[in-house]
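> Sequence and predicted structure, then a few things I'm wondering about:
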Amino acid sequence: MSSLSRRSFLSIVVTFVLQLGMPGARAAASPSLKPTKVGQVIIWRGKKYTALKSGKKLVWDKGVVLPAPKSSPSSSASATPTPSASPSPSPTPSQTSAPAGSFEMDIAGSNEVPNGETRIFYPSDSRAKGKGFILTREKNALIVFDVNCTHETCPVEIEGPRLVCNCHNSNFNKLTGIPESGPASEPLKGYLVREVAGRILVTDSV
Ligand code: FES
């Protein structure tokens, strides 16, 4: 290799390594979902984003990193683990409990949905295909619905005890997913959910 082509080769390698380290070289750094009103909050890739005004536009703020989930097992996790003499890789939840044609996704930490609260999550799992999930913890039980309105699939938002679709003003009960007013006539799609070791796992179909 001539010294000129060696220099070119080195310059390509250095550029590539630098780009790998640059945030802009990775996936988008803010949620793809467009905010619809000031103060709207969503959880995306482990960060909490709040909608604010920038000039005439609504944008997400820089996001606040959520605290890492505690590793202590939740009450619904399996009983005391049995020590094994020969450690072997344990199966992932999706291998153990999702019915055929379905899969489990890790949506959030259990501590991200306190009792009596509702949160919306857009998991980074590629199988979610950008789908959002509304999680409500009521009397210590979790309820999960699809974020998309059953009228014309606009994302619903949390407004007090209801889930509201601002596209055409449909209101849904956040505990049952049933529409209470507006053009939507079908309840929000529900999902199976369980908690294991401080994580919330939602079952979706392929
Ligand atoms: S899309 Fe939700 S009310 Fe029309």
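Yep, it's here. Residues are numbered from 1 along each chain as shown.
> what's the spacing between stretch 124-144 and its chain's center?
Relative to its parent chain, stretch 124-144 has a centroid offset of 7 Å by C-alpha atoms, centre = their mean, to the nearest Å.
> for the ligand, what are the nearby residues on this structure?
149, 151, 152, 154, 165, 167, 168, 170, 182, 183, 184 (C-beta under 6 Å from any ligand atom). C-beta: built from backbone N, CA, C; applies to glycine.
> Was I right to think residue 157 contacts residue 164?
Yes - using C-beta atoms under 8 Å, residue 157 is in contact with residue 164, at 5.5 Å.
> hmm, which of the residues of the chain next to the ligand are the buried ones?
Using 16 or more other C-beta atoms under 10 Å as the burial test, these include 149, 151, 154, 165, 167, 170, 182, 184 as buried.
> Residue 49: which of these is nearest?
residue 154 (18.6 Å; C-beta to C-beta).
> Enumerate every residue touching the nearest residue to that closest one once chain neighbours are set aside.
Excluding the flanking residues, the one nearest residue 154 by C-beta to C-beta, 6 or more residues apart in numbering is residue 167, at 3.7 Å. For residue 167, the contact set (C-beta atoms under 8 Å, 6 or more residues apart in numbering) comprises 149, 151, 152, 154.
> Apply 7 Å and report the result again.
149, 152, 154 (C-beta atoms under 7 Å, 6 or more residues apart in numbering).
> Now tell me which helix or strand of the chain has the poorest mean pLDDT.
For the chain, counting by mean pLDDT, DSSP states H and E, helix 93-96 ranks last in confidence among helices and strands (a mean of 43).
> all strands of this protein, in order?
Secondary structure of the chain, counting by DSSP state E: strands at 41-44, 47-54, 57-60, 64-65, 102-109, 118-122, 133-138, 141-146, 157-159, 162-165, 170-173, 179-181, 192-196, 199-205.
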